[in-house]
Structures are given as structure tokens and as C-alpha cells.
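J.: A predicted structure for the sequence below; I have some questions about it.
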Amino acid sequence: MVGAVSALDESQFAQPQDFVPDRWLQHRPLGQIHPYASLPFSHGTRMCIGIRIMEQILSIFIARTLQHYNLEWRGEDLRRKHTQVFQPVGPFSLAFTERN
Ligand code: HEM
């Protein structure tokens with residue numbers, strides 16, 4: 001859960017409660033992000049050995065999905081619960097519309 005705490009820490013991330021994926025752009029429009037503030041694959045000698053393949057798979061998956069679909073949230077504000085990972089509470093109303 002360390003990552004969950006750090007992700008919501010205002011001293012690490014501006015507007016921590018807001019979904020602002022642009023914060024990760026290379027020029028860091030919302031301010032610098034400490035390299036250890038987000039470590040989903042951990043760090044050091046016991047870090048995940050799958051990190052490179054997962055980064056590639058996720059990049060390709062996201063790029064291919066957005067090439068073919070527009071994504072639109074049609075639900076209420078999404079709440080989440082903390083388990084081993086975050087889990088949505090309530091319906092997950094994400095609509096995929098095929099792009100022309
Ligand atoms: C999004 C997907 C994944 C995430 C978020 C993830 C995350 C993690 C994390 C947090 C650890 C613990 C590191 C530690 O103990 O400090 C770990 C360990 C590990 N992961 Fe992953 N992982 C992912 C996918 C994969 C894949 C695809 C593989 C295999 C190809 C893999 C293989 C391993 C192995 C073998 C370890 C143990 C490393 C060790 O203890 O030396 N992981 N992973």
C-alpha cells in the first residue's frame with residue numbers, strides 16, 4: 001500500500017485526487033515527480049523481472065486501443081476500495097465507441 005499512500009501525497013503529486021495522465025508527459029506539466037514516488041514494479045535487486053515486457057505490452061495495448069476506440073466515462077464519480085490493488089466500487093461504466 002506504500003504506492004497508494006505516495007500516489008495521494010500532495011507533496012509528491014499536484015492534484016493527487018484528479019485523473020491527470022498528462023502529469024506523466026516528459027516535460028512534467030504539473031511539476032517534477034520524484035523517481036521513487038511511484039514504483040509499481042518495486043525497485044532494487046528484488047524488483048519485478050517482468051517490468052520491461054509489461055511496459056511494452058501495456059504501451060502497445062493502450063496505443064492500439066486508442067487507435068480503434070474513443071473511451072468515454074458514463075458513470076457516476078467512481079469510488080474505489082483498497083485491496084491488494086485498487087478495486088472499483090459500483091458499476092464500471094466505461095464506454096468504447098469505434099472510431100471512424
Ligand atoms: C503489470 C504487471 C506487473 C506488476 C505491476 C508487477 C509487480 C511486481 C512487484 C511489485 C514485485 C515485487 C518486487 C519486490 O518484492 O520488491 C514483482 C516481483 C516479480 N515479478 Fe512482477 N509484476 C508484473 C508482471 C510480471 C510479469 C509479466 C512477470 C513475468 C514475466 C513478473 C515476474 C515477477 C517475478 C519473477 C518477481 C519476483 C522477483 C524477485 O523476487 O526476485 N511480473 N512484480
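T.: Yes, it's here.
J.: can you verify my assumption that Gly31 contacts Gln15?
T.: No: in this structure, Gly31 is not within contact of Gln15 by Cβ atoms under 8 Å, at 9.9 Å. C-beta: built from backbone N, CA, C; applies to glycine.
J.: against Pro21, how distant is the closest residue to the ligand within the chain?
T.: Residue nearest to the ligand within the chain (Cβ to the nearest ligand atom): Gly50, separated by 2.2 Å. The gap separating Gly50 from Pro21 is 22 Å, by Cβ to Cβ, to the nearest Å.
J.: what comes into contact with the helix or strand harbouring Thr65?
T.: Using DSSP states H and E, Thr65 sits within helix 51-68. For helix 51-68, the external contacting residues (Cβ atoms under 8 Å, 6 or more residues apart in numbering) are 41, 48, 71, 96, 98-99.
J.: quick one: low-confidence ranges for the chain?
T.: Residue ranges of the chain with pLDDT under 70: 1-3.
J.: please enumerate the strands of it.
T.: For the chain, the strands defined by DSSP state E cover 69-73, 79-82, 86-89, 94-98.
J.: could you dump the ones you listed into a markdown table with mean neighbour count added?
T.: Converted to a markdown table, the strands of the chain look like this (neighbours: other Cβ atoms under 10 Å):
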| stretch | mean neighbour count |
| --- | --- |
| strand 69-73 | 11 |
| strand 79-82 | 10 |
| strand 86-89 | 12 |
| strand 94-98 | 10 |
